[in-house]
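Trainee: got a predicted model here, sequence first, then my questions.
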Amino acid sequence: MAILTKAVSVDEAGQLASLHQKCFTDSWGSKEFAELMNNPVVLGLIHTQDKKDIGMALLQTIAGETEILTFGIVPAYRGKGLGYGLLQACVNRAVICGARAMFLEVSSDNHAARNLYSGFGFQQVSVRKAYYADRSDALICRLSLSSASL
């Protein structure tokens, strides 16, 4: 079982959008991904298992901080530890880019993602009340990269 995470170019925005649509009900389109990826501080990642696309992430690094703009594993592949591998790849890229901290937001209702992030060491630092369309809160989480290993 070969698992690989690769950086993708703006030309592969459609691939990211397709994965995003499989992961989320309210998904972003190719145009949104392309617009974001045209910014040199934004990096798209695709996670593959045996050459099949199973996950994606979009990262933005500015002023020593990396934010995970979106992150997802295709539902059929969830619960198998693959999210942890993709998250580790995100951290590795952030460290290479010189980031000292990583941030993300997650729905208070998304218990699986919250468990993944807290198990990885992310700590909640803030809340955006009723942020999502379903009125769930957005939990803002932070990971110090000084202790993260490549």
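Mentor: Perfect, thanks for sending it.

Trainee: flag the shaky bits of the chain, pLDDT-wise.
Mentor: Residues of the chain meeting the criterion pLDDT under 70: 147-150.

Trainee: now the helices for it?
Mentor: 13-23, 30-37, 82-96, 111-120 (DSSP state H).

Trainee: residue 62: neighbour count?
Mentor: Neighbour count of residue 62, defined by other Cβ atoms under 10 Å: 12. Heads up, the C-betas are built off the backbone N, CA and C, glycines and all.

Trainee: kindly apply the preceding question to residue 50 instead.
Mentor: 9.

Trainee: list the contacts of it.
Mentor: 1-2 (Cβ atoms under 8 Å, 6 or more residues apart in numbering).

Trainee: mean neighbour count for the helices of the chain - can I get that in JSON lines?
Mentor: Output for these, formatted as JSON lines (neighbours: other Cβ atoms under 10 Å):
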{"stretch": "helix 13-23", "mean neighbour count": "19"}
{"stretch": "helix 30-37", "mean neighbour count": "18"}
{"stretch": "helix 82-96", "mean neighbour count": "19"}
{"stretch": "helix 111-120", "mean neighbour count": "15"}
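
Trainee: right, so of those helices, which gets closest to residue 73?
Mentor: helix 82-96 (4.8 Å; Cβ to Cβ).

Trainee: and that closest one, what does it pack against?
Mentor: strand 3-8, strand 42-49, strand 52-62, strand 65-73, strand 101-107, helix 111-120 (3 or more Cβ pairs under 8 Å, 6 or more residues apart in numbering; DSSP states H and E).

Trainee: which of the residues in the first one are classified as buried?
Mentor: Spelled out, it's strand 3-8. Of the residues in strand 3-8, 5, 8 count as buried by neighbour count, 16 or more other Cβ atoms under 10 Å.

Trainee: each with direction, which strands does that strand pair with?
Mentor: Here strand 3-8 has these sheet partners by DSSP bridges: strand 42-49 (antiparallel).

Trainee: returning to what we had before: in TSV, list the helices of the chain along with distance to residue 43.
Mentor: TSV is the format used below for the helices of the chain (distance: least, Cβ to Cβ, whole Å):
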stretch	distance to residue 43
helix 13-23	11
helix 30-37	8
helix 82-96	6
helix 111-120	19
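
Trainee: closest one to residue 69 among those?
Mentor: Proximity to residue 69 (Cβ to Cβ) singles out helix 30-37 among these, at 6.9 Å.
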